[in-house]
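Colleague: Everything below, folded, please.
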Amino acid sequence: MNNLATRTLSAAALVAAFGAPLVLAGPASASHGGSTAVVNSGHCSGGGVFKLKAKHDDARIEVEYQVDTNRAGQVWHVILKDNGKIIYAGRPRTVAPSGSFTVHRLTANRVGRDSITAWAALGSRRCGGHVTL
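Modeller: Numbering: from 1, shown residues only. Below is the predicted model of the structure:
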């Protein structure tokens, strides 16, 4: 099986595994400052914290997803979706000194409201978040 097929199957398996939220997260809220961003953050099951942020950037949406476990070298499975469409599927690694990773993506600003979802998994640990803008 080629690398693309393996990544696609891994992404599909991760999406299937996360059909329902596995972590409790606070409500999304808008930040104040130069540009308005919608932010959702919370705790991961098994330890760690996440933050999902999205904001309008010209005709696109800038998405940032961060997971912090205070442990460098961990390789997580991550999926970001915009209105159900996968905009990122990958395996970022937490890095020193913070023991976190951050994924940045620009996606199309689709007609109507955009629903951004993020999921991350490492073994039995799960992190997830959702924002709408």
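Colleague: Residue 44: neighbour count?
Modeller: 22 (other Cβ atoms under 10 Å). Placement of C-beta: from N, CA and C, glycine included.
Colleague: so it touches residue 125, yeah?
Modeller: Yes. Between residue 44 and residue 125 there is a contact under Cβ atoms under 8 Å: 5.6 Å.
Colleague: Mind listing the shared neighbours of those two?
Modeller: Taking Cβ atoms under 8 Å, 6 or more residues apart in numbering as the contact rule, residue 44 and residue 125 both touch residue 69.
Colleague: low-confidence ranges in the chain?
Modeller: For the chain, the stretches flagged by pLDDT under 70 are 1-35.
Colleague: what ranges do the strands span in it?
Modeller: Using DSSP state E, the strands of the chain run over residues 29-30, 37-43, 49-57, 60-68, 77-82, 85-90, 100-108, 115-122, 125-132.
Colleague: taking those strands together, which one is wrapped up most tightly?
Modeller: Ranked by mean neighbour count, the strands of the chain are led by strand 115-122 with a mean of 23 (mean count of other Cβ atoms under 10 Å).
Colleague: Paired strands for that one, with orientation please.
Modeller: strand 77-82 (antiparallel), strand 125-132 (antiparallel) (DSSP bridges).
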